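Peer 1: Sharing a sequence plus its predicted fold:
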Amino acid sequence: MKPTDSELEILHILWFNGPSTVRQVHEKLSQSRDIGYTTALKLMQIMHEKGFLSREEDARSHTYAAIVSEEDTQRNLVDRFVETAFRGSASKLVMQILGQHKASREELDEIKKLLNDLNQDLSE
């Protein structure tokens, strides 16, 4: 199951800040868009039901934490995107990205290193 855009926004906050209360997440969300506290609460409750978040309950508040890792979530989203938008072709995705986005020298060096590592793995 993949998170919605709003759920992904909440996950980013929790990945960066660690376990947080609804109020803390709401404050971060409010910095970039207009969202009500009850909307943030409802989203986080749904995410808990879906298995994206854990919830610790104490007398005054609930603390939520991401159960899914950022890396696993990114991998799943990219896999689905490659399958649906590029018919499973990772090379078409990479060519599209590099054609549309000006990569920095550092990014290109990272890409070259990754390609060299992948090439080495295939030769072994």
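Peer 2: Arrived safely, thanks for sending.
Peer 1: At which residues are the helices of the chain located?
Peer 2: Secondary structure of the chain, counting by DSSP state H: helices at 5-17, 22-30, 37-50, 70-85, 90-100, 105-123.
Peer 1: Domain-wise, how is this protein divided?
Peer 2: 5-66, 95-124 (automatic domain parsing).
Peer 1: As TSV, these with mean neighbour count, mean pLDDT and distance to Glu83 would be great.
Peer 2: Heads up, the C-betas are built off the backbone N, CA and C, glycines and all. Converted to TSV, those look like this (neighbours: other CB atoms under 10 Å; pLDDT from 0 to 100; distance: least, CB to CB, whole Å):
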stretch	mean neighbour count	mean pLDDT	distance to Glu83
domain 5-66	15	95	18
domain 95-124	9	86	15
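Peer 1: about what we covered before: mind checking the helices of the chain for the one nearest to Thr63?
Peer 2: Distances from Thr63 to each of those were compared by CB to CB, and the smallest falls on helix 22-30, at 8.9 Å.
Peer 1: And the helices of the chain: which comes nearest Ser61?
Peer 2: Set against Ser61 and scored by CB to CB, the helices of the chain come closest in helix 22-30, at 7.2 Å.
Peer 1: C-alpha coordinates for the closest one, CSV please?
Peer 2: Output of helix 22-30 as CSV, limited to C-alpha atoms (Å, rounded to 0.1, in the frame of the first residue of the first chain):
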residue,chain,number,x,y,z
VAL,A,22,-0.4,15.4,16.6
ARG,A,23,0.1,19.0,17.8
GLN,A,24,3.8,18.9,16.8
VAL,A,25,3.1,17.4,13.4
HIS,A,26,0.2,19.9,12.9
GLU,A,27,2.6,22.8,13.7
LYS,A,28,5.1,21.6,11.0
LEU,A,29,2.3,21.0,8.4
SER,A,30,0.9,24.5,9.1
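Peer 1: for Val68, what are its contacts?
Peer 2: With contact taken as CB atoms under 8 Å, 6 or more residues apart in numbering, Val68 is in contact with Pro3, Leu11, Gly51, Phe52.
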